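Novice: just need the structure, nothing else, for what follows:
(chains A and B)
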Amino acid sequence: MNHPRHELDEVIHAPVRFSIVATLAAAEKAEFAYVRDAVEVSDSVLSKQATTLEKAGYVKITKGYVGKRPRTWLSLTARGRTAFAAHVAALRAITEAAGDVTPS
Amino acid sequence: MSERDGLTSAGAAAALARADELRASVRERGRWLVRFQLAYGAMSLVAVLMLGLVDWPAGIVISVAFWAVTLPPLIFYAVRQPVAHRGMARSHLVMMAAWTVLYLAVLMPGTQMQGEPGWWVPGAVAVSLPGFVAAYLTSRRVTGRAARP
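Specialist: Residues are numbered from 1 along each chain as shown, chains lettered A, B, ... in the order given. This is a model prediction of the structure:
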């Protein structure tokens, strides 16, 4: 049970959720539409996956207005950042264990 | 067997590469802050020069009017941006704190030196520096030339 894959986070591991969290990890906050385009998913898919991440305590969803236009912002919580860092460390350990060159 | 149990090293490497790609994309989109900070530095330079070198009270009115005309569009530009790179809030706070200290340090003694280029030109440069320095540091950060966050 020592293989690094056991350290992977089940919530973050799903490809779309991983991309959402990876995007938010580099950002203080990001608009819903920006994340949707970056991750290349539909509004409904992003909404569903963001809600899953929110329920896990990894993502904070904030609604507001810019002028009269409604906007939704996504940001990573401290718990989400910690979980993502651990997940990335596990991914690196998997590639290193296999002798691969890890991306920077 | 859960989904993660089937992850190969190639899959892990692909996920890491995707994370790098997304981080680079966020940084690129975060370049708006460099433009914001450059504009703020330039506006500070012009506003302080007008305040100090144009006869009072006209200089005061022109300087305040300059801020009133230029600042709202700059703030509107900032709030419309879809993404803020990580660390933006802290760097903006530091820039504004330094700007406030320098602005007051130039203006308060400056009330006794109206029209003196020897005071107001270096003073305007000093007040513009937080914006320009912040823009330089942000530029390094979003282009990846500085240490990672």
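
Novice: report pLDDT for the residue lying farthest from the centre of chain A.
Specialist: In chain A, the residue that sits farthest from the middle, by Cα atoms, centre = their mean, is residue A:68; the gap is 28.8 Å. Here, the pLDDT recorded for residue A:68 equals 85.

Novice: contacting residues for it?
Specialist: For residue A:68, the contact set (Cβ atoms under 8 Å, 6 or more residues apart in numbering or on different chains) is empty. All C-beta atoms are positioned from the backbone trio N, CA, C, and that covers glycine.

Novice: which bits of chain A sit near chain B?
Specialist: Applying Cβ under 8 Å from any Cβ of the partner chain, we find that chain A lies next to chain B at A:5, A:8, A:10, A:13-15, A:18-19, A:22-23, A:25-31, A:33-34, A:38-39, A:66, A:88, A:91-92, A:94-95, A:97-98, A:100-104.

Novice: picking that back up, for the residue farthest from the centre of chain A, give me phi and psi.
Specialist: phi -100, psi 0 (degrees, to the nearest 10).

Novice: same check on residue B:85?
Specialist: Torsion angles, degrees, to the nearest 10, at residue B:85: phi -70, psi 160.

Novice: what residues are up against the closest residue to it other than its chain neighbours?
Specialist: Distances taken as Cβ to Cβ, 6 or more residues apart in numbering or on different chains put residue B:30 closest to residue B:85, at 3.3 Å, once the chain neighbours are dropped. Residues near residue B:30 by Cβ under 8 Å, 6+ apart: A:27, B:83, B:84, B:85, B:88, B:138, B:142.

Novice: what pLDDT does the nearest residue to the last one once chain neighbours are set aside get?
Specialist: So the one you mean is residue B:142. Nearest residue to residue B:142 in three dimensions, chain neighbours excluded: residue B:27, at 4.4 Å (Cβ to Cβ, 6+ apart). At residue B:27, the pLDDT value in this model is 90.

Novice: just the buried ones from the contacts of residue B:30?
Specialist: A:27, B:83, B:84, B:85, B:88, B:138, B:142 (16 or more other Cβ atoms under 10 Å in any protein chain shown).

Novice: all strands for chain B, in order.
Specialist: Per DSSP state E, chain B carries strands over the ranges B:83-85.

Novice: all the helices of it, residue numbers only.
Specialist: Secondary structure of chain B (DSSP state H): helices at B:9-29, B:32-53, B:58-79, B:88-110, B:117-142.

Novice: how about JSON lines for those helices, with distance to residue A:43 added?
Specialist: Listed next are the helices of chain B as JSON lines, based on distance: least, Cβ to Cβ, whole Å:
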{"stretch": "helix B:9-29", "distance to residue A:43": "19"}
{"stretch": "helix B:32-53", "distance to residue A:43": "24"}
{"stretch": "helix B:58-79", "distance to residue A:43": "22"}
{"stretch": "helix B:88-110", "distance to residue A:43": "26"}
{"stretch": "helix B:117-142", "distance to residue A:43": "27"}
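
Novice: return the most buried member of the ones you listed.
Specialist: helix B:32-53 (a mean of 20; mean count of other Cβ atoms under 10 Å in any protein chain shown).
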